[in-house]
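Peer 1: give me the fold of what follows.
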Amino acid sequence: MEELEACVRLQQEIWGYSEREAYPVRLLVNLARVGGSTLGAFTPAGELVGFVVSMPAWRGRRRYFHSLALGVKSGYENQGVGRSLKLAQRKLALKEGIDLIEWTFDPLRAKNAFFNLERLGAISRQYIPDYYGRVESRFQFGLPSDRLIAQWHLNSARVARVLSGGLARAVKKAPAAEVAIPSDWDALGDSNPQQLIEWQAKVRRELQRWFAKRLVITGFRRGPEISYYLLD
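Peer 2: Numbers count the residues shown, from 1 in each chain. A predicted model of the protein is given here:
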């Protein structure tokens, strides 16, 4: 129970969630009993520095995991903690006979997009405007909570290639489309809030248009100021 309570505190610390926004201990307890999981990353001294939460889900007859949250404590980012947690989540899913994990992420956060698409090998084919309604988080900047749905096909050749150190997509293959986003969303929010509104509307419009044409996000290219979703 103490470890689950630490997961709640870590949500508030990482995202600035109010008590209303954080997934509570009672939910985490029940998830563990109905086929979901909460996995934690700890220091040798026993401090929780990261966690990932999943719930059981079904689409028709197909069972999969929906990953509710992945968080890493400040000071422990960019050290492989998040990737290790996702790999542990994948291992648990495969043990349960599950070959798909889905989750949501903010389309305008380049670091998350690169992690999901290039480091894990997920794809995305669905954009949902204002998915959660109003979100009380310092990272949302008061904007609608638009989200992309990440699909992680655990046994796919693509994921196997990425997890073994390969590329998500062939470098020489030209994408069918590209969609630009700012490389540093937080810096833009601090300097020019009006541009956040304009960027969100533009990215929403373009990704929905390409998805309607049955294109899929298969890669992500980072740049110093502008980064790009790559669609096939």
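Peer 1: average pLDDT for stretch 90-97?
Peer 2: The average pLDDT for stretch 90-97 rounds to 97.
Peer 1: show residues contacting it.
Peer 2: The contact list for stretch 90-97, computed with C-beta atoms under 8 Å, 6 or more residues apart in numbering, reads Gly35, Ser37, Leu39, Ser54, Arg63, Phe65, Asp99, Ile101, Trp152, Leu154, Asn155. From N, CA and C alone the C-beta is placed, and that goes for glycine too.
Peer 1: buried subset of those residues as a ChimeraX selection?
Peer 2: In ChimeraX, this line selects whichever of those come out buried by 16 or more other C-beta atoms under 10 Å:
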select :37,39,54,63,65,99,101,152,154
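Peer 1: from the contacts of stretch 90-97, pick the one nearest Glu2.
Peer 2: When the contacts of stretch 90-97 are compared for distance to Glu2 (C-beta to C-beta), Leu39 wins out at 15.9 Å.
Peer 1: which of the contacts of stretch 90-97 fall in strands?
Peer 2: Ser37, Leu39, Ser54, Arg63, Phe65, Ile101, Trp152 (DSSP state E).
Peer 1: in this structure the third one contacts Val34, no?
Peer 2: No. Between Ser54 and Val34 there is no contact under C-beta atoms under 8 Å: 11.3 Å.
Peer 1: neighbours of Arg214, how many?
Peer 2: 8 (other C-beta atoms under 10 Å).
Peer 1: now do the phi/psi pair for it.
Peer 2: Note on Arg214: backbone dihedrals following degrees, to the nearest 10 are phi 70, psi 20.
Peer 1: helix or strand for Gly82, just tell me which one.
Peer 2: Element membership for Gly82 (DSSP states H and E) is helix 81-95.
Peer 1: which stretches in this structure count as helices?
Peer 2: Counting by DSSP state H, one finds helices in the chain at the ranges 2-15, 25-33, 81-95, 110-114, 157-163, 185-191, 193-212.
Peer 1: name the residues that touch the fourth one?
Peer 2: This points to helix 110-114. Contacts for helix 110-114 (C-beta under 8 Å, 6+ apart): 105-107, 148, 181-185, 220, 222, 227, 229.
Peer 1: give me the lowest-pLDDT entry from those residues.
Peer 2: Minimum pLDDT for these is recorded at Trp185 (86).
Peer 1: quick one, what contacts that one?
Peer 2: Applying C-beta under 8 Å, 6+ apart, we find Trp185 in contact with Asp106, Leu108, Arg109, Ala110, Leu196.
Peer 1: still on that earlier bit, most packed of the helices of the chain?
Peer 2: helix 110-114 (a mean of 20; mean count of other C-beta atoms under 10 Å).
Peer 1: that helix - what's its average pLDDT?
Peer 2: Helix 110-114 comes out at a mean pLDDT of 97.
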